[in-house]
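[1] structure for this input, please:
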Amino acid sequence: MSEESSDLYPNRDEDGRPVSRRGFVAGSAALGAAATAGCSGDGGNDGSGDGTTPTERDTATPERRDTVVVFNTGDMTVSVVDVATDDVLETTHVGLTSSFPSNQYARTLVDSRADSLWVNVGRGVRALDPLSLAERARTETGSGANWQELTPDGSAVVVSAREPAHTQYKIDADPDSETFGEVLGEIDRTDEGGRGDNDGPGPCDITVHPDGRYAFVPDLYGDTLTILDIDEFAIETQVDVAPVDGSAPQPWMGTVDPQGERLLVEHRAGVETVWDVSDPTAPAEIARFGREDGLGDGPLTSEISADGSTGYVLTRGSEDATVLDLEALSVTGRIDLGGSAFTGTWDPDHRKLYVPVQSANVVKVIDDAAGEVTATLDVGDSPYGATATRVVPHPESPSTAAAAASKLGLDGDTSYCLGDCACGHEL
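    Model (predicted):
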């Protein structure tokens, strides 16, 4: 069975137009109140047995400690990992799951209760309280396939919503703003068309240049790399991606390095490209790797070391991570992960890469300095997406979260990817 035919399609819902957060604010507030107050009917205890009142929970100051949050798509739990010890603090059901949470800058930006974790859930993106993981805001995008990243200053979230929307969004992420969670800008790209009978270019993934001005979008059906001007929220430029052995290159995911010099792009066609983005308005491909160069099978996502020298490409088909030297532009080795991994996240200090291994129900910890796996952590069922924070989340207990979500009809809200799933699915 081919990779394409074996993909799953978990979120086939009706099409819908974007909906502002204001239309959901009442329900969101109810969910937050129910989740923090508890639904046991005891009039004050949150269900955890610690006697904490709703008011105290609402105003609680999170413990400042570096953590990694892993979303387990198989059982809708999250696992919270202590970065200092690499211990799993808890695995808790929260009634939703995310395959591609924002993690490029969130790991340092989210350091207080006022900040939010931004995740892709259902047919849009949501902001979550970093302590309780209760929902604060949502924006529906008209697509079940969404990728989002915070800007480096945390003021906005930029989104790629693939078909049927084929739209880019800019959402207000400033917690002090009166328009928090609302759409500030929108670029409908449907008129660009797409390869074959696709009705648009299929914007797939988004990564933000550290200057905060530009974002890069690989276009799965357009075979292009689109650069967005975030301030103006308009397309700055667009470049064609060269074919792979005469066939469509199908760029689908990408990561810009913390120095703003290199961009890694993964392709459904099975290759990895490296781009010079020192001038983000004029990206240029400078290297391309395939199997003959030592690249693993099925490159899906990538992460880059703090100094920009090393790239880690998650090659799920060969169940490993391919290591790239971004200075010498060469493949230097492969790190066995013992299963299929789709995403990863750095800890806040950018020293360890946490890789959920979906097929093994573990997280592998890669120490960048050592260049090897230094820990294996047992988590929930089918771990997929991950992000990091500088506070310790304490998600609601299963009974409380499930009951609160059920009251609003939100129980079991899924993410775009469940199981063996990647960006290339047709919705």
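[2] what are the ranges of the helices in the stretch 51-200 of the chain?
    With DSSP state H, counting those that start in this stretch applied, the stretch 51-200 of the chain shows helices at 54-58, 106-109, listed in chain order.
[3] show me what the shortest one packs onto, helices and strands only.
    What it means is helix 106-109. The elements that helix 106-109 packs onto, with contact taken as 3 or more C-beta pairs under 8 Å, 6 or more residues apart in numbering; DSSP states H and E, are strand 383-391. Every residue, glycine included, has its C-beta placed from N, CA and C.
[4] show me what the strand it packs on is packed against.
    Strand 383-391 is packed against strand 64-72, helix 106-109, strand 117-121, strand 345-346, strand 352-357, strand 362-367, with contacts defined by 3+ C-beta pairs under 8 Å, 6+ apart.
[5] mean pLDDT and mean neighbour count for those - can I get that in a markdown table?
    Converted to a markdown table, those look like this (pLDDT from 0 to 100; neighbours: other C-beta atoms under 10 Å):
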| stretch | mean pLDDT | mean neighbour count |
| --- | --- | --- |
| strand 64-72 | 96 | 23 |
| helix 106-109 | 97 | 23 |
| strand 117-121 | 95 | 27 |
| strand 345-346 | 98 | 26 |
| strand 352-357 | 98 | 27 |
| strand 362-367 | 98 | 21 |
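[6] need those in a markdown table (columns: distance to residue 229).
    Rendered in a markdown table, the data for those read as follows (distance: least, C-beta to C-beta, whole Å):
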| stretch | distance to residue 229 |
| --- | --- |
| strand 64-72 | 31 |
| helix 106-109 | 21 |
| strand 117-121 | 21 |
| strand 345-346 | 27 |
| strand 352-357 | 30 |
| strand 362-367 | 34 |
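[7] low-scoring stretches of the stretch 1-150 of the chain, by residue?
    Counting by pLDDT under 70, the stretch 1-150 of the chain contains low-confidence ranges at 1-60.
[8] kindly report the same for the stretch 301-427 of the chain.
    By pLDDT under 70, the weakly predicted segments of the stretch 301-427 of the chain are 397-427.
[9] which residues of it fall in strands?
    Defined through DSSP state E, counting those that start in this stretch, the strands belonging to the stretch 301-427 of the chain, from first to last, are 310-315, 320-325, 330-336, 345-346, 352-357, 362-367, 372-378, 383-391.
[10] now these in a markdown table, with distance to residue 296?
    Conversion of the strands of the stretch 301-427 of the chain to a markdown table gives the following (distance: least, C-beta to C-beta, whole Å):
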| stretch | distance to residue 296 |
| --- | --- |
| strand 310-315 | 3 |
| strand 320-325 | 5 |
| strand 330-336 | 6 |
| strand 345-346 | 19 |
| strand 352-357 | 13 |
| strand 362-367 | 14 |
| strand 372-378 | 15 |
| strand 383-391 | 19 |
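[11] which one of these lies closest to residue 258?
    Taking C-beta to C-beta as the criterion, strand 345-346 is the member of the strands of the stretch 301-427 of the chain that comes nearest to residue 258, at 9.4 Å.
[12] who are the packing partners of the closest one?
    Strand 345-346 sits against strand 352-357, strand 383-391, with contacts defined as 3+ C-beta pairs under 8 Å, 6+ apart.
[13] end to end on stretch 202-214, go ahead and measure it.
    Between the start and the finish of stretch 202-214 there is a gap of 19 Å, counting by C-alpha to C-alpha, to the nearest Å.
[14] ditto for stretch 308-325
    End-to-end span of stretch 308-325 (C-alpha to C-alpha): 9 Å.
[15] buried ones in that stretch, by neighbour count?
    Residues of stretch 308-325 classed as buried: 308-316, 318-324 (neighbour count, 16 or more other C-beta atoms under 10 Å).
[16] repeat for stretch 282-301
    By neighbour count, with 16+ other C-beta under 10 Å as the criterion, the buried positions of stretch 282-301 are 283, 287, 288, 289, 290, 295, 296, 298, 299, 300, 301.
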